[in-house]
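S.K.: Provide a 3D model corresponding to the input given below.
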Amino acid sequence: MIYVHLAEGFEEIEAVTVVDVLRRADIPVKTVSITREKIVKGAHNMSVTADMLFEDADYGKDDMIVLPGGMPGTLNLGQHEGLVRQLRIFAEEGKWLAAICAAPSVLGKLSLLEGKKATSYPGFKDQMIGAKYTEDRVVQDGNFITSRGPGTAIEFSLKLVEILKGSQISDAIRTSMIV
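M.R.: You can find the predicted model right below:
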C-alpha cells in the first residue's frame, strides 16, 4: 500500500497526479488526511475527499509514504507529530519516502536527507539540511525520491511506478499518457 498524505493547503496537482498514475499501474494507493476531516482543501481551493484519516492508516502495511508539496500544506505536514514519527521510522527501516515540491524540506528539516542526493522547489533549497542538493527534475537516492514541483508531477509519479513495478510498466504508462 502507498499512502499519499493530504494536509490543508496541499498542492493538488502533485497529490492527484501521483494517485492517478499509481492506480493506472494497479498499485494500491490511498490518500490519508492528516486533519480531523476526510475532506481536505488544497492550496488552490480544490477540496479532495481522502480515503482515510491518519489515525486509521496501518503503517505496518504501508510500503511508501508520499508527501505532496504546496503551502501551507508542507508546513502542516511537518508539524504533524504522528506523521513525523512515521517518517523517522520509515527512514530507519529503509522504507520508501517520496516528496515533491516544498515537501522534501520536511525530510530535510528532520535531517533525514543527510548525505543524500535530493531536490525540491527552488525556494526550499536552504531547508534541505545535509542533502547533496541538485536541480534535477526527479532524484532517487536509496529509498528517497524527491522532485521539483507541479511541472514534474508526472515524471515523479512515473518514477514511483518504475520503483514499485519496473521500467516496463512505467514506460507503458508513459507511452499511453503521451508523456
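S.K.: Leu107: neighbour count?
M.R.: The number of residues packed around Leu107, counting by other C-beta atoms under 10 Å, is 28. Placement of C-beta: from N, CA and C, glycine included.
S.K.: show me the contacts for it.
M.R.: For Leu107, the contacting residues are Leu67, Leu87, Ala91, Leu97, Ala99, Leu113, Ala118, Phe144, Thr146, by C-beta atoms under 8 Å, 6 or more residues apart in numbering.
S.K.: what does the strand or helix carrying the fourth one rub up against?
M.R.: By that I understand Leu97. Applying DSSP states H and E as the criterion places Leu97 in strand 96-100. Taking contacts as C-beta under 8 Å, 6+ apart, the residues outside strand 96-100 that touch it are 11, 14, 18, 63-69, 87, 90-91, 106-107, 112, 120, 143-149, 152-153, 156, 160, 163.
S.K.: from the residues you listed, list the buried ones, please.
M.R.: 11, 14, 18, 64-69, 87, 90-91, 106-107, 112, 120, 143-149, 152-153, 156, 160, 163 (16 or more other C-beta atoms under 10 Å).
S.K.: all strands of this structure, in order?
M.R.: Listed in chain order, the strands found in the chain under DSSP state E are 2-6, 29-33, 39-41, 47-49, 52-53, 64-67, 96-100, 117-118, 132-133, 138-141, 144-147.
S.K.: for the fifth one, packing partners?
M.R.: Using 3 or more C-beta pairs under 8 Å, 6 or more residues apart in numbering; DSSP states H and E as the contact criterion, the neighbours of strand 52-53 among helices and strands are strand 29-33.
S.K.: centre of the chain versus stretch 40-58, how much separation?
M.R.: The gap between the average C-alpha position of stretch 40-58 and the chain average comes to 14 Å, counting by C-alpha atoms, centre = their mean, to the nearest Å.
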